[in-house]
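S.K.: Have a look at this prediction, sequence included:
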Amino acid sequence: MSTTRSYSPGDRGPEPSGASGASGEGAPATGEPAGSAALPVPPEQGGAAPSAPPGGRQVRRLDLDGASGVVPLARDFTRQALYAWGWLPATTADQRAAAEDVLLVVSELVTNACLHAEGPDELWVTCDRKVIRLEVSDRGTGQPAPRTPHRAGRPGGHGMFIVQRLCLDWGVVRTPGVAGKTVWAELGAPA
């Protein structure tokens, strides 16, 4: 369940400067912040050239370890990816709502890592024709879960409930013998 607004607050196009990393001269051609990299998947693994996001799988990574202002940084990074992949600028209300949902879920996952897991380490954003996958890794030991029963009128505790409501699926991946976890969520592409 997403919200549709007549005007998309904060999503007015690629940022010319600031946390998004696009700063005129010397800015990365992809519009990605420093410390990140577009990681195309090799063709033998189903990937395509970076100029082919509609038909191939595109992957972007942002290093958040030790960074400040990680929530807006993650949103700006994700917004830049949405522009590169054609989700933005949105031409319909459904497309705008889908992009807003992606940015909201990124905010919730990164915020949860800040509040409950010593901060996020990395953000991975992966896109194919039908699904966008968000992954936030951290060093925390906790297990995220929607608060039950959910009480809409109570402040706080809504993050994973929002993720559960907006996403096709979500989960947690842990690697045996390695501290921390990766929380992932998948959202459908706009129609």
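M.R.: Great, that's in hand.

S.K.: Give me the buried positions along the host helix or strand of Glu135.
M.R.: For Glu135, the host element (DSSP states H and E) is strand 131-138. Across strand 131-138, burial judged by 16 or more other Cβ atoms under 10 Å covers 132-138. Quick note: C-beta positions are derived from backbone N, CA and C, even for glycine.

S.K.: so what strands line up beside the helix or strand hosting Val172?
M.R.: Element membership of Val172, judged by DSSP H and E, is strand 169-173. Applying DSSP bridges to the sheet, strand 169-173 is found paired with strand 181-188 (antiparallel).

S.K.: Let me see the mean pLDDT of the partner strand.
M.R.: Mean per-residue pLDDT for strand 181-188: 96.

S.K.: i'd like the first residue to be 21 from this point on
M.R.: From this message on, residue numbering opens at 21, which makes the last subject strand 201-208.

S.K.: how much space between Arg81 and Thr98?
M.R.: As judged by Cβ to Cβ, to the nearest Å, Arg81 and Thr98 stand 12 Å apart.

S.K.: Just the angle for the strand holding Val192 relative to strand 151-158, thanks.
M.R.: 30 degrees (axes from the mean of the first three to the mean of the last three Cα atoms, to 10 degrees).

S.K.: from the buried residues of strand 151-158, which is closest to Val122?
M.R.: Nearest to Val122 out of those is Ile152 (Cβ to Cβ; 5.7 Å).

S.K.: so what's that closest one up against?
M.R.: Ile152 sits next to 107, 122, 145-146, 206-207, 209 when contact means Cβ atoms under 8 Å, 6 or more residues apart in numbering.

S.K.: One more: Ala94?
M.R.: 82, 84, 126-127, 130, 140, 143, 156.

S.K.: and it, what helix or strand is that in?
M.R.: For Ala94, the host element (DSSP H and E) is helix 90-104.

S.K.: how big is the angle separating that helix from strand 151-158?
M.R.: Going by the same axes, to 10 degrees, helix 90-104 makes 160 degrees with strand 151-158.

S.K.: Okay, buried residues for helix 90-104 please.
M.R.: Those would be 90-91, 93-104, for helix 90-104 by 16+ other Cβ under 10 Å.
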